[in-house]
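A.B. asks: Predicted model and sequence below, questions to follow.
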Amino acid sequence: MCVDHKKICVCGQGCASLQFRDEIMPEETVENIYCPACSDGIRFESDTMIRDNGWVIKYDMDIVRLMEQKIPATKLTPDKVFDEGYCTWNGIYPGDQTDSIREREELVKLARTDKRKYLEEFKSWGIRRMQRLGREGWRKANERE
């Protein structure tokens, strides 16, 4: 089960939607989030942080080490915590869930008039969207390559 959690970045201008795979890690695993507006002014520490397209998540690695006991044969790094879904964006990027719902609403209108065209458009929309997000530099969009 994955529950959506929202966290405001340090400067207050950005909000990230997060999920915690199997709820193994608590919300406190995220020490801070920095959006592109506030991440420029920080010193990046690869032993506690991940960087994703201008956003930075700083993890409390003491909590990560405590909770990794629940995961057999795993030594967690910030990259693994993020990339394996233990504490990551809910979707491809921080606001993905909200944006994708809004984008799909346009497609739903087509479903009412032409179901076959809707299915074709929905499939191609997903492919085009992932390609666009990959080009923009979101690491979860590029991990499928």
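C.D. replies: That came in fine, so what should we check first? Residues are numbered from 1 along each chain as shown.
A.B. asks: Compute the number of surrounding residues for Leu76.
C.D. replies: Here the number of neighbours of Leu76 (other Cβ atoms under 10 Å) works out to 19. (Each C-beta comes from the backbone N, C-alpha and C, glycine too.)
A.B. asks: Could you check how far it is from Arg102?
C.D. replies: Applying Cβ to Cβ, to the nearest Å, the value for Leu76 to Arg102 is 34 Å.
A.B. asks: Could you do Cys11 as well?
C.D. replies: Using Cβ to Cβ, Cys11 is found at 24 Å from Arg102.
A.B. asks: So which of the two has more stuff around it?
C.D. replies: Neighbour comparison, Cys11 and Arg102: the larger count goes to Cys11, with 14 against 9 (by other Cβ under 10 Å).
A.B. asks: Okay, the closest residue to the more buried one other than its chain neighbours and Gly85: tell me how far apart.
C.D. replies: Spatially, and ignoring its direct neighbours in sequence, Cys11 is nearest to Cys38 (3.7 Å; Cβ to Cβ, 6 or more residues apart in numbering). Relative to Gly85, Cys38 is positioned 25 Å away (Cβ to Cβ).
A.B. asks: Could you list the low-pLDDT ranges of the chain?
C.D. replies: Of all residues in the chain, those with pLDDT under 70 make up the ranges 1-4, 144-145.
A.B. asks: now the strands for it?
C.D. replies: Assigned by DSSP state E, the chain shows strands spanning 4-8, 15-19, 30-34, 49-52, 55-59, 88-89.
A.B. asks: Kindly reformat these as JSON lines and extend each row with mean neighbour count.
C.D. replies: Formatted as JSON lines, the entries for the strands of the chain read as follows, by neighbours: other Cβ atoms under 10 Å:
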{"stretch": "strand 4-8", "mean neighbour count": "13"}
{"stretch": "strand 15-19", "mean neighbour count": "19"}
{"stretch": "strand 30-34", "mean neighbour count": "19"}
{"stretch": "strand 49-52", "mean neighbour count": "19"}
{"stretch": "strand 55-59", "mean neighbour count": "22"}
{"stretch": "strand 88-89", "mean neighbour count": "22"}
